[in-house]
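**Student:** This is a predicted model, with the sequence first.
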Amino acid sequence: KDVVVPVDANIGAKEEAKLPAPGSFWKCRSQYKALLFMGGSMQNMGRVEYSQGVRQAIAKYHSNESEFVLGGEFTLDDLRASRFCLAPSGWGWGWR
C-alpha cells in the first residue's frame, strides 16, 4: 500500500489526538463510507488552470456517483472513512 503524507500540515490538537501513537498497532478498516474522497475546491475563481484540470475532470465525470465525496472542508475522520483519498494539485497545503 502507498501512504502519502503532507509535507507540512497543522491539523490541530483535536484531530491530532485521533492519530495512532508512533509504533502502535493500527488496523485498517474493512468497511468504508466512500470509495474516493477529494476535499477542497473544484476550481479557484473560475480559473481553468487550477489543478491543471484534474479536479474539474473528476467532478465532471464522477460528481453524481454516491461513493465519491468531492469538495469542501474535511476532517481526519472523513479521510479515514474513504477507501482512497485523492489530493491533486491546487493552491493550498503546499505542493503535492
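**Tutor:** Everything's here; your move.
**Student:** any low-confidence regions in the protein?
**Tutor:** For the chain, applying pLDDT under 70 flags the ranges 1-10, 26, 28-29, 43-48, 90-96.
**Student:** where do the helices sit along it?
**Tutor:** Counting by DSSP state H, one finds helices in the chain at the ranges 13-16, 54-62, 76-80.
**Student:** Same list, these, but as TSV with distance to Phe25 and mean neighbour count please.
**Tutor:** The C-beta positions use only the backbone N, C-alpha and C, and glycine is treated the same way. As requested, the helices of the chain are exported to TSV (distance: least, Cβ to Cβ, whole Å; neighbours: other Cβ atoms under 10 Å):
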stretch	distance to Phe25	mean neighbour count
helix 13-16	19	10
helix 54-62	34	15
helix 76-80	16	14
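**Student:** okay, the ones you listed in TSV with distance to Leu35 next?
**Tutor:** As requested, those are arranged in TSV below (distance: least, Cβ to Cβ, whole Å):
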stretch	distance to Leu35
helix 13-16	23
helix 54-62	10
helix 76-80	13
